[in-house]
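>>> Structure of the sequence below:
(one chain, ligands or ions: 2)
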Amino acid sequence: MQLTSAIKEINPEAVGETAPSAQSEAKPVIEIDHLHKVYKTGDVEVHALRGVSLTIRQGEFVAIMGTSGSGKSTMMNIIGCLDRPTRGKYILDGHDVSAYSKDERADIRNHKIGFVFQGFNLLSRTSALENVELPMLYANVPTEERHKRAYEALTAVGLAGREHNHPNQLSGGQQQRVAIARSLVNQPTIILADEPTGNLDTRTSIEVMEIFQRLNREKGITIVLVTHEQDIAEYTGRVVVFRDGKIRRDYKIDEPRDAGEELKQLPPPSDDDDEEE
Ligand SMILES: Nc1ncnc2c1ncn2[C@@H]1O[C@H](COP(=O)(O)OP(=O)(O)OP(=O)(O)O)[C@@H](O)[C@H]1O
Ligand SMILES: [Mg+2]
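Ligands and ions are numbered 1, 2, ... in the order given. Below you'll find the model as predicted:
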């Protein structure tokens with residue numbers, strides 16, 4: 001064990017760890033090939049995705065951008081196994097989920113994916129702790145382990161001490177952090193976030209991006225995030241732009257903004273910003 005960590009210090013690749021520079025060699029966790037999605041409502045057909053191919057590797061942090069109606073949420077729903085493509089192939093962490101039944105999709109979703117939606121989707125009459133425990137109920141995690149993991153996740157997002165507050169007793173940023181904690185508890189391979197900063201002010205948005213950057217860098221969680229804001233996309237490592245159901249641009253961000261550093265430069269929040277009751 002000690003020898004392994006010694007070798008790691010000298011050469012991370014020697015013990016099979018992926019160095020950041022070798023990210024292009026990391027294994028694909030999302031492989032999408034010529035995907036189509038057609039929504040049918042009565043006689044009306046909407047061709048929401050028109051032949052999308054995309055590979056995302058382990059440890060990437062990707063922003064999905066594009067105008068309203070361009071297919072971003074449709075893409076996220078398919079990546080998250082909430083919906084299935086009309087045509088095309090989707091391989092999630094080595095599993096061909098395009099052929100999966102509804103139950104099989106629910107199962108892989110519970111084990112591999114954490115969701116953070118705009119508007120938080122928290123249960124309002126339920127404490128932060130219970131909200132965070134919810135995905136573990138579906139996954140049949142025993143009570144004690146559930147509490148333990150929920151406390152840990154809330155602590156990781158800076159909400160220790162607020163476990164028993166209901167969502168309406170928390171600020172928007174704090175509610176979003178509860179949603180992030182909830183997305184973490186089943187130890188997902190991937191976090192999917194659809195406009196996670198959509199309702200938040202600048203400072204709170206940076207705080208949320210700081211948490212995502214930390215989870216990505218320190219835990220190696222792959223993150224795919226939809227945003228309308230270029231500023232927010234600049235905290236990620238890659239931007240994929242949709243238009244009319246197709247990918248129009250796909251580019252790397254060589255020097256992402258560092259949310260942690262930026263927060264240090266901002267004036268401290270005023271007293272009542274963070275402690276609304
Ligand atoms: N359940 C549905 N039934 C029918 N049409 C749908 C459905 N969901 C989405 N659409 C249509 O598919 C297209 C893509 O929608 P989608 O929600 O993916 O866009 P988006 O890029 O997420 O937009 P926004 O930025 O506004 O969230 C749109 O024309 C939309 O009206
Ligand atoms: Mg959308």
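>>> which residues in the stretch 51-200 of the chain form helices?
Assigned by DSSP state H, counting those that start in this stretch, the stretch 51-200 of the chain shows helices spanning 72-79, 102-112, 128-138, 143-156, 172-184.
>>> Need the winner for burial among those.
Mean neighbour count (mean count of other C-beta atoms under 10 Å) peaks for helix 172-184 among the helices of the stretch 51-200 of the chain, with a mean of 25. All C-beta atoms are positioned from the backbone trio N, CA, C, and that covers glycine.
>>> can you list contacts of it?
114-117, 120-122, 128, 131-132, 134-135, 150, 153-154, 156-159, 162, 167, 170, 191, 193, 196-197, 199-201, 204, 207-208, 211-212, 215, 274 (C-beta atoms under 8 Å, 6 or more residues apart in numbering).
>>> Just the buried residues out of the residues you listed, in ChimeraX syntax.
Buried residues within the contacts of helix 172-184, by 16 or more other C-beta atoms under 10 Å, are selected in ChimeraX with:
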select :114,115,116,117,120,122,128,131,132,134,135,150,153,154,156,157,158,159,162,167,170,191,193,196,197,200,204,207,208,211,212,215,274
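>>> Of the helices of the stretch 51-200 of the chain, which is nearest ligand 1?
Smallest distance to ligand 1 across these (C-beta to the nearest ligand atom): 3.2 Å, for helix 72-79.
>>> Quick one: residues in contact with that closest one.
Outside helix 72-79, the residues that touch it by C-beta under 8 Å, 6+ apart are 30, 32, 35, 37, 48-49, 52, 64-66, 83-85, 90, 92, 190, 192, 194, 224, 226, 242, 245.
>>> can you give me the strands for the stretch 151-277 of the chain?
Listed in chain order, the strands of the stretch 151-277 of the chain (DSSP state E, counting those that start in this stretch) span 190-194, 222-226, 238-243, 246-252.
>>> Take those strands and write them to JSON lines, including mean pLDDT and distance to ligand 1.
JSON lines is the format used below for the strands of the stretch 151-277 of the chain (pLDDT from 0 to 100; distance: least, C-beta to the nearest ligand atom, whole Å):
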{"stretch": "strand 190-194", "mean pLDDT": "95", "distance to ligand 1": "7"}
{"stretch": "strand 222-226", "mean pLDDT": "97", "distance to ligand 1": "7"}
{"stretch": "strand 238-243", "mean pLDDT": "98", "distance to ligand 1": "6"}
{"stretch": "strand 246-252", "mean pLDDT": "98", "distance to ligand 1": "12"}
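>>> Would you format those strands as CSV with distance to V44 included?
Below are the strands of the stretch 151-277 of the chain laid out as CSV (distance: least, C-beta to C-beta, whole Å):
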stretch, distance to V44
strand 190-194, 24
strand 222-226, 25
strand 238-243, 21
strand 246-252, 20
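>>> Alright, that wraps it up for me.
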